[in-house]
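1. sharing a model that was predicted from the sequence below.
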Amino acid sequence: MPEQYYDDATAMSQARVGATDDMADQRQAVCDLLSVQVGQAVLDIGSGNGELANDLATLVGPSGRVVGVDAAPAMVASADPSDSNTVFVTGDAQQLPFDDGDFDAATATQVFCFVPDLDRAVAELWRVLRPGGRAVILDTEWDSVVWHCRDASLRDRILTELTSGYAANHVPARLTRALTTNGFDIVQRVCHPIVNWEMGDNYSTGLLGFLADTDDGAAWRREMDAAVERGEYLFSISRYLFLVTK
């Protein structure tokens, strides 16, 4: 669960990843698909350190409101609202602390992977939206990762470590059934790839901050440095966005 996965150190690593252009592009893709309007009430489930919620707050304006909810107290503490129309609270995606129909729109980005009961989380999302409300759900298919190296077994161990806090690694494949059986209409499904051709201020380099201080972690950093030296660095991953309506 995220409250166990995200401590102060991982919250700092998440903040560094969130500040990259890759994540700014992802947040823009979510905002474009959701198309919120001025004055609307929006819920950001799994709000992390608040970047997406703050982007949404700009779109709904002073007459709207944005609530970010996250199960990890360290992430809620790190969130910094950019405007008075935004608040961050602690809460579980499987039991949201809001009334029925509280929100016009909602997002859930890279959070359902932490949820043991996907159907319950989707049902909660449906409950807190008003009739006609919209939501965008984003999650990752980790089998899509290409992280070029010469030691595939080491890469596999690193990917296992990076996803060790997840309840599920294949959420996108399960979402269509979970959404439709819990009352949602699926409007659109799109793939959002992240591709890095070098190390630097980007998503894949930021992932290194989540690796434990182990022999494997140190070996992977050397492996990536060597790939850069050879001119062979390549990372890509596929994330999937679902636009749904109630």
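-> Received it, and whenever you're ready, just let me know what you need.
2. show me what contacts the nearest residue to Glu232 once chain neighbours are set aside?
-> Leaving aside its chain neighbours, Glu232 sits nearest to His148 (5.8 Å; criterion: CB to CB, 6 or more residues apart in numbering). Yep, even glycine has a C-beta here, placed from its N, CA and C like the rest. When contacts are counted by CB atoms under 8 Å, 6 or more residues apart in numbering, His148 touches Ala227, Glu232, Tyr233, Leu234, Phe235.
3. before we move on, what about Leu234?
-> Val146, Trp147, His148, Val195, Asn196, Trp197, Ala227 are the contacts of Leu234 under CB under 8 Å, 6+ apart.
4. 10 Å instead?
-> By CB atoms under 10 Å, 6 or more residues apart in numbering, the residues touching Leu234 are Val146, Trp147, His148, Cys149, Val195, Asn196, Trp197, Glu198, Ser204, Ala227.
5. my read is that Leu125 contacts Arg134, right?
-> No - assessed by CB atoms under 10 Å, Leu125 is found out of contact with Arg134, at 11.0 Å.
6. and those two? which has more neighbours close in?
-> Counted by other CB atoms under 10 Å, Leu125 and Arg134 do not tie: Leu125 has more neighbours, with 27 against 23.
7. just confirm the more buried one is within a helix.
-> Yes - applying DSSP: H, G, I helix; E, B strand; the rest coil, one finds Leu125 inside a helix.
8. give the contact list for it.
-> Taking CB under 10 Å, 6+ apart, we find Leu125 in contact with 43, 45, 93, 96, 103, 106-108, 112, 133, 135, 137, 179, 182-184, 244, 246.
9. which residues in the protein form helices?
-> Here the chain has its helices, by DSSP state H, at 2-5, 8-18, 21-34, 51-60, 73-78, 118-128, 152-162, 171-181, 203-207, 215-230.
10. which helices and strands sit right next to the last one?
-> This means helix 215-230. Judged by 3 or more CB pairs under 10 Å, 6 or more residues apart in numbering; DSSP states H and E, the packing partners of helix 215-230 are strand 129-147, helix 152-162, helix 203-207.
11. adding distance to Val87 and mean pLDDT, write these out as TSV.
-> Formatted as TSV, the helices and strands packed on helix 215-230 follow (distance: least, CB to CB, whole Å; pLDDT from 0 to 100):
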stretch	distance to Val87	mean pLDDT
strand 129-147	18	97
helix 152-162	30	95
helix 203-207	27	94
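12. and Leu118, which of those is closest to it?
-> With CB to CB as the measure, strand 129-147 is the member of those nearest Leu118 (9.8 Å).
13. ok so, going back, which of the contacts of His148 lies closest to Ala79?
-> Taking CB to CB as the measure, Ala79 lies nearest Phe235 of the contacts of His148, at 27.3 Å.
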